[in-house]
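Q: Provided below for reference: sequence and predicted model.
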Amino acid sequence: MAAMELIGLDRIEAAAKVLEPVIRRTPVVASRVLSERTGFEVRLKCENLQRTGSFKPRGAYNRIANLPEADRARGVVAASAGNHAQGVAWSATTLGIDSTVFMPVGASLPKLVATKAYGATVHQVGETIEQSLSAAMDFAEQTGATLIHPFDHDDIVAGQATVGLELLEQLPDVGTVLVPTGGGGLLAGVAIALHHLAPQVRVIGVQAAQAAAWPESLAAGKPVALERMSTMADGIAVGLPGEVPFAHVAEYVSTIVTVDEDALSSALLLCMERAKLIVEPAGAAAVAALMACGTAELGLEGPVCAVLSGGNVDPLLLTRMIGHGLSAAGRYLAVRVTLSDRPGSLGRLLAAVAKTGASVVDVVHSRTGAWLAIDEVEVLLTLETRGPSHRGDVLEALAGAEYTVHVQD
């Protein structure tokens, strides 16, 4: 990979001046539960409270604001399924510039509605973001509109770097910063800012394990595309790191860690329950790393800050993820129990459950399974428990009452 001129502090400070009148200075809040878990003081940088619900307007606004007047007159175009779409739409409208956004046909309705509300003309094209991007590139070629890439441009990265500037002003003695990572724009930006102003700070990128292009790319010394991805964290599901972010991450970031889907959903639940913050799965990735990875693995130095990169989540998806998070945290237990088909059998089973202190969420009673004997019924119980220890107590109590229990994943 050819050497690239790295972004200097002057570019980041210039971006900060451009953004100061329009971008929110998002709060840094303490997290007692994460501090107790890690043994370090932990703070959360709440970019989920940024305009449009994510950090994306920082880069988009800086990029669009730096366009020459002739380019502004032809408008801008972007392809995105969510946060970048809203960031570009809001930024362009704020600057008085026309914007067009191509979104996949399956883009979530709330993100589609929000992008239109921010002033963009929206076209739904293709089943994937790659197909939407192809349509956006064709539109740019035909109309002269400027394509605003979500992460692979100096102005985008410089804009995202202002998160790092703010963080240092708010937490000057920060020792470790964890950053959700997809294409790499936010990670690169934060790393650049900290390199210039506080090089002793440890910067850690966090990826979803099922969409982790960075470890292989860094090992290869160049961006390497993933063959497939499957994660609830769609905001960081990027199959190919950008060239500009890659040059800076390779230079300034020593550690990338991955987290699984259970960790992401548990982190989302913790943010909502304990911090009272709505965070999307991608935005909760840094918290997931603090919950799931060992302190030694992360090499934490305190104080620690986890960036919450976004909070735009479909309410229907949020409902499913809360259930997934409760299960991952040992607070949901689903079991199948076979009973004799006699009056009182179900009542006795429920009485045994009641003695354990578990709450019944749902009961499904079936006589029709082909595997059941003529005098048997199957009961599927969904129970709410108080955590992994209580979950084990419930199973032990049912086994002690001579029920054969099959735990459902």
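A: Sure, I can see it. Residues are numbered from 1 along each chain as shown.

Q: how about the strands of this structure, start to end?
A: Ranges of strands in the chain, per DSSP state E, are 28-30, 42-46, 76-79, 99-103, 121-124, 146-147, 176-180, 202-208, 255-259, 304-308, 332-340, 359-366, 376-384, 405-408.

Q: Spit out the contact partners of the nearest residue to Ala140 once chain neighbours are set aside.
A: Residue nearest to Ala140 in three dimensions, not counting chain neighbours: Leu147, with 4.5 Å by CB to CB, 6 or more residues apart in numbering. Backbone N, C-alpha and C define where each C-beta goes, glycine included. Each residue near Leu147 by CB atoms under 8 Å, 6 or more residues apart in numbering is listed here: Val76, Val77, Ala78, Ala136, Met137, Ala140.

Q: and Gln170, how many neighbours?
A: Look at Gln170: counted by other CB atoms under 10 Å, it has 15 neighbours.

Q: Return the set of residues that bridge with the closest residue to it other than its chain neighbours.
A: Among residues not flanking Gln170 along the chain, Val28 sits closest, at 4.4 Å (CB to CB, 6+ apart). Beta-bridge partners recorded for Val28 (DSSP bridges): Lys45.

Q: any low-confidence regions in this structure?
A: For the chain, applying pLDDT under 70 flags the ranges 1-2, 324, 328, 370, 409.

Q: tell me the contacts of the residue nearest the centre of it?
A: Nearest residue to the geometric centre of the chain (CA atoms, centre = their mean): Ala282, 0.6 Å. Going by CB under 8 Å, 6+ apart, Ala282 touches Pro180, Gly182, Ala208, Ala233, Asp234, Gly235, Ile236, Ala237, Ser309, Gly310.

Q: TSV please, covering the residues you listed and showing neighbour count.
A: Output for those, formatted as TSV (neighbours: other CB atoms under 10 Å):
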residue	neighbour count
Pro180	33
Gly182	29
Ala208	28
Ala233	27
Asp234	24
Gly235	26
Ile236	29
Ala237	23
Ser309	32
Gly310	29
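
Q: which of those residues lies closest to Arg58?
A: Taking CB to CB as the measure, Arg58 lies nearest Ser309 of these, at 10.9 Å.

Q: Correct me if wrong: that closest one contacts Leu186.
A: Yes. Applying CB atoms under 8 Å as the test, Ser309 and Leu186 come out as touching, 6.1 Å apart.

Q: Which neighbours do the two have in common?
A: In contact with both Ser309 and Leu186: Phe55, Val179, Pro180, using CB under 8 Å, 6+ apart.

Q: of all those, which comes closest to His153?
A: Phe55 (15.2 Å).

Q: Could you check how far the closest one is from Leu165?
A: 13 Å (CB to CB, to the nearest Å).

Q: So which of those two has more stuff around it?
A: More crowded of Phe55 and Leu165, by other CB under 10 Å: Phe55, with 32 against 21.

Q: residues contacting the residue lying closest to the more buried one once chain neighbours are set aside?
A: With sequence-adjacent residues excluded and distances taken as CB to CB, 6+ apart, Phe55 is closest to Glu47, at 4.2 Å. Neighbouring residues of Glu47 by CB under 8 Å, 6+ apart: Thr26, Ser54, Phe55, Val163, Gly283, Val307, Leu308, Ser309, Gly310.

Q: and which of these is nearest to Pro241?
A: For these, the nearest to Pro241 is Ser309 (16.0 Å; CB to CB).

Q: contacting residues for the closest one?
A: Neighbouring residues of Ser309 by CB under 8 Å, 6+ apart: 47-48, 54-55, 179-180, 186, 235-236, 282-283, 285-286.

Q: Give me the neighbour count for Ser99.
A: Count around Ser99 with other CB under 10 Å applied: 26.

Q: thought it was touching Ala92?
A: Yes. Ser99 is within contact range of Ala92, at 3.6 Å (criterion: CB under 8 Å).

Q: what about the helices in the stretch 201-350 of the chain?
A: 214-220, 243-252, 261-274, 285-292, 295-298, 315-328, 345-356 (DSSP state H, counting those that start in this stretch).

Q: about what we covered before: out of the shared contacts of Ser309 and Leu186, which is nearest to Gly325?
A: Nearest to Gly325 among the shared contacts of Ser309 and Leu186, with distances taken as CB to CB, is Pro180, at 16.9 Å.

Q: Look up the closest residue to that closest one, ignoring the ones flanking it.
A: Leaving aside its chain neighbours, Pro180 sits nearest to Ala285 (3.9 Å; criterion: CB to CB, 6+ apart).

Q: One more: Ala30?
A: Nearest to Ala30 is Arg43, by CB to CB, 6+ apart, at 5.7 Å.

Q: and if you look at Gly182?
A: Ile236 (3.4 Å).

Q: And Val407, by the same measure?
A: Val335 (5.7 Å).

Q: same thing with Arg336?
A: Spatially, and ignoring its direct neighbours in sequence, Arg336 is nearest to His406 (4.4 Å; CB to CB, 6+ apart).
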